[in-house]
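*Asks:* Sharing a sequence plus its predicted fold:
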Amino acid sequence: MIDPRQRYEDPEQALRLALGAFQAALWTALPGIVKAYRTAPAPTVDVQLAIGGAFALKDGTTQATAYPLLKYLPVVFPRGGHCTFTFPVAAGDECLVIFASRAIDAWWQNGAASGPQRPVESRMHDIQDGFALIGPFSQVTKLANVSSATAQLRSNDGEAYVELDPSGHIVNIVGPGGVNITGPVAISGAVTVSQTIAAQSTISSSVDVQAAGISLKNHVHPGVASGSSNTGTPQG
């Protein structure tokens with residue numbers, strides 16, 4: 001029996017073969033696995049594509065193969081308005097590699113500030129022009145207990161997070177390892193503390209301070225008498 005693919009006189013079949021060959025050489029996006037991460041001179045990663053290729057052999061069978069390691073892919077961190085959201089990247093992290101439709105070399109060297117760059121090569125949708133978006137999860141590494149009601153910046157294990165509740169207009173911070181703040185802190189609302197306050201420096205107030213309802217500024221001491229005796233405890 002003749003394989004229909006051998007009927008090259010069939011225009012429709014010939015077109016299908018041509019389109020298939022075109023698609024096989026067109027790189028769009030693939031999941032990947034981070035193998036190395038560096039922050040200088042710019043954030044880049046080395047990525048092993050998580051889906052391999054298959055090549056036809058002379059006997060008509062196919063053989064699976066891994067694609068070569070993609071090196072020095074620019075890392076995409078969300079940013080805008082002179083602000084950037086960064087996070088640590090580790091070997092083994094999953095990512096999505098998207099491939100630019102034109103060569104990115106000139107842009108990578110000169111940036112957008114220099115205006116539109118001419119592609120230094122004629123390659124299109126090429127495996128050399130990838131960007132790494134860190135974050136996609138497979139079923140093996142997927143997050144557990146994802147909040148469906150709040151926005152969170154969280155650790156993957158969910159033990160530490162900063163949370164915004166849009167319905168209650170509440171911000172929650174949970175940090176079992178502690179919360180450190182460097183710099184002046186201004187609080188315009190009431191503060192409730194349920195644990196001990198340990199101050200390493202002076203606590204000052206321009207208004208009154210009360211303890212158990214007794215004013216620090218205006219309290220009086222009973223049992224005052226001339227001599228060497230101590231006064232009694234403050235009396236409100």
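*Replies:* Yep, that arrived.
*Asks:* Can you give me the distance of Leu69 to Ile127?
*Replies:* Distance, Leu69 to Ile127, using CB to CB, to the nearest Å: 11 Å. Where you see a C-beta, it was placed from the backbone N, CA and C, and this is true even at glycine.
*Asks:* I'd like to know which helix or strand in this structure has the lowest mean pLDDT.
*Replies:* helix 11-24 (a mean of 75; mean pLDDT, DSSP states H and E).
*Asks:* that older thread, give me the more crowded residue out of Leu69 and Ile127.
*Replies:* More crowded of Leu69 and Ile127, by other CB atoms under 10 Å: Ile127, with 15 against 12.
*Asks:* for the host helix or strand of Ile98, packing partners?
*Replies:* Using DSSP states H and E, Ile98 sits in strand 94-99. In terms of contacts (3 or more CB pairs under 8 Å, 6 or more residues apart in numbering; DSSP states H and E), strand 94-99 is packed against strand 29-38, strand 44-49, strand 130-134.
*Asks:* Compute the inter-axis angle for it and strand 44-49.
*Replies:* Computed with axes from the mean of the first three to the mean of the last three CA atoms, to 10 degrees, the direction of strand 94-99 lies at 90 degrees from that of strand 44-49.
*Asks:* Show me where the protein has its strands.
*Replies:* Taking DSSP state E as the test, the strands found in the chain are 29-38, 44-49, 53-56, 62-65, 70-76, 79-80, 83-84, 94-99, 130-134, 151-154, 161-165, 170-174, 210-211, 214-215.
*Asks:* lowest-confidence stretch among those?
*Replies:* Looking at the strands of the chain, the lowest mean pLDDT belongs to strand 53-56 (a mean of 79).
*Asks:* what's that strand in contact with?
*Replies:* Contact with strand 53-56 is made by 62-67, as judged by CB atoms under 8 Å, 6 or more residues apart in numbering.
*Asks:* which one of those residues sits closest to Ile51?
*Replies:* Tyr67 (8.5 Å; CB to CB).
*Asks:* In stretch 85-92, which residues are buried?
*Replies:* For stretch 85-92, a neighbour-count test (16 or more other CB atoms under 10 Å) marks Val89 as buried.
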